[in-house]
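Student: sequence plus predicted model, see below.
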Amino acid sequence: MTGRFLATCGWLAGKIGRPFGALPSGRARNAPVVLLAALLAVVAAIPIVLPMLDAQPEDVVAQQIFDGATTHPDGWIRLRGRIVPLESSPTGEPGRYALLVDEDNTLRAVVVRSDARLNAAASAQVSGFLTPAAVVVEEDLPIEATVAGTEPIVVGDQIVTLDAVPKPERQVWWPLAIPPAILAILLLVGVRAGYPVFRPTTEIAALVSPLTVGERVPTAYGGRIGPDVRPLSDPGGALLLVRRGPSGSLLTAQALADDGGLAPAPVLIGGSWSSGRVGAVHTLTETVPALEVRSELVDATFLFARNSERDRVAAMIAVDRRSGRGT
């Protein structure tokens, strides 16, 4: 599952980077895909960052106004509660006034003033600025604005001058950030994984017999066999052949000509050092048994039709059969 996921990411990154195939291989070729991933990350951040730039009033309750515990430097606050319009001015100044009975503590209230008419409301959210004022409320309040007939205590030294439009609470549209963020992650994973993807495996036949002299195994390869180089995304044909050497069997690799012409001479797999990793190559549609080989003249990944063929070849190369990693 992991191999197929990485292959999907690599295929996606390769498709997007294909128009830039003329660039040198390596980081330069991947740079446009990485840049696109960075732009997608910026797009993903916009729905989260922009709301944070929107100034907000301080959410308070009436008791904080009593205690002088508000912290906004300009006294910009937001409250929730019952709106009870007042017939006369509680400050002696002209204007439209109402009493806001705190929603959390209905025995606490604060006078609010607005340029527009204030209608009664059982529950409302308002925002505005604290303004010093001497407040005296002499009107009898309706029973619904009291607690069993007990009227709330009103802030006596401040009122709230309401905003023309109540400031809504900040909305962070984080679901909009998910698609570009996921796509950016997929592209970065794809750039890292490449395409196709080789994954080592621990499922190796421990008792398989190695190839014998004269046996040959047709394969496909990506990488380098002597002077011949093919990308793993467009593998070439190859033939693995065992021949007799002065001190035992020798494994050779021969790249095949695409046009059916004369193939180059076989190349010896071995020398002063050689190593291999047994695994599989994952593409968008299939998983193929594979063997990575590293030696003096061969640095390639060979693809096989069957696991048994791969394991018999691997038996002739130094391979860590417990982890699938070369030794």
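Tutor: Yes, it's here.

Student: off-centre distance for stretch 223-243?
Tutor: With C-alpha atoms, centre = their mean, to the nearest Å as the basis, stretch 223-243 stands 37 Å off its chain's centre.

Student: go on, stretch 33-50?
Tutor: Distance of stretch 33-50 from its chain centroid, counting by C-alpha atoms, centre = their mean, is 10 Å.

Student: can you list contacts of that stretch?
Tutor: For stretch 33-50, the surrounding residues in contact (C-beta atoms under 8 Å, 6 or more residues apart in numbering) are 13, 16-17, 172-174, 176-178, 180-181, 183-185, 187-188, 190-191. For the C-beta atoms, the positions are set from N, CA and C on the backbone; glycine is no exception.

Student: longest helix of this structure?
Tutor: Identified as the longest helix of the chain according to DSSP state H is helix 27-52.

Student: pull out the buried positions in that one.
Tutor: Buried residues in helix 27-52, defined by neighbour count with 16 or more other C-beta atoms under 10 Å: 29-30, 33-34, 36-37, 40-41, 43-44, 47.

Student: least confident pick among those residues?
Tutor: By pLDDT, residue 29 ranks lowest within the buried residues of helix 27-52, coming in at 72.

Student: surely that one is in contact with residue 17?
Tutor: Yes - at 6.3 Å, residue 29 counts as touching residue 17 under the criterion of C-beta atoms under 8 Å.

Student: before we move on, back to that, and the contacts of stretch 33-50, which are buried?
Tutor: Counted by 16+ other C-beta under 10 Å, the contacts of stretch 33-50 give 13, 16-17, 177, 180-181, 183-184, 187-188, 190-191 as buried.

Student: pLDDT-wise, what's the bottom of the residues you listed?
Tutor: Among the buried ones among the contacts of stretch 33-50, residue 17 has the weakest pLDDT, 81.

Student: now for that residue: which residues touch it?
Tutor: Here residue 17 is in contact with 29-30, 32-33 (criterion: C-beta under 8 Å, 6+ apart).

Student: buried ones in the longest strand belonging to the chain?
Tutor: Secondary structure of the chain per DSSP state E: the longest strand is strand 121-132. Judged by neighbour count (16+ other C-beta under 10 Å), strand 121-132 contains these buried residues: 124, 126-130.

Student: before we move on, the earlier item: mind putting the buried residues of helix 27-52 into a markdown table with distance to residue 295?
Tutor: Shown next, in a markdown table, are the buried residues of helix 27-52 (distance: C-beta to C-beta, whole Å):
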| residue | distance to residue 295 |
| --- | --- |
| 29 | 27 |
| 30 | 28 |
| 33 | 32 |
| 34 | 33 |
| 36 | 38 |
| 37 | 36 |
| 40 | 41 |
| 41 | 41 |
| 43 | 47 |
| 44 | 45 |
| 47 | 53 |
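
Student: pick out the most distant pair among these.
Tutor: 29 and 47 (31.5 Å; C-beta to C-beta).

Student: residues touching residue 95, list them.
Tutor: Residue 95 neighbours (C-beta under 8 Å, 6+ apart): 89, 113-115.

Student: please tell me how far it sits from residue 163.
Tutor: 15 Å (C-beta to C-beta, to the nearest Å).

Student: next: residue 283.
Tutor: 60 Å.

Student: now swap in residue 119 and tell me
Tutor: 16 Å.

Student: and if you look at residue 190?
Tutor: 49 Å.

Student: does residue 294 belong to a helix or a strand, and which?
Tutor: Assigned by DSSP states H and E, residue 294 falls within strand 287-295.

Student: name the helices or strands packed onto that strand?
Tutor: Secondary-structure packing of strand 287-295 (3 or more C-beta pairs under 8 Å, 6 or more residues apart in numbering; DSSP states H and E): strand 267-269, strand 274-282, strand 298-303, helix 307-314.

Student: returning to what we had before: and the helix or strand following the longest helix of the chain, average pLDDT?
Tutor: Scanning forward in sequence from helix 27-52 by DSSP H and E, the next helix or strand is strand 58-59. In this model, strand 58-59 has an average pLDDT of 95.

Student: which helices and strands does strand 58-59 pack with?
Tutor: Short answer (3+ C-beta pairs under 8 Å, 6+ apart): strand 58-59 packs on strand 76-85.
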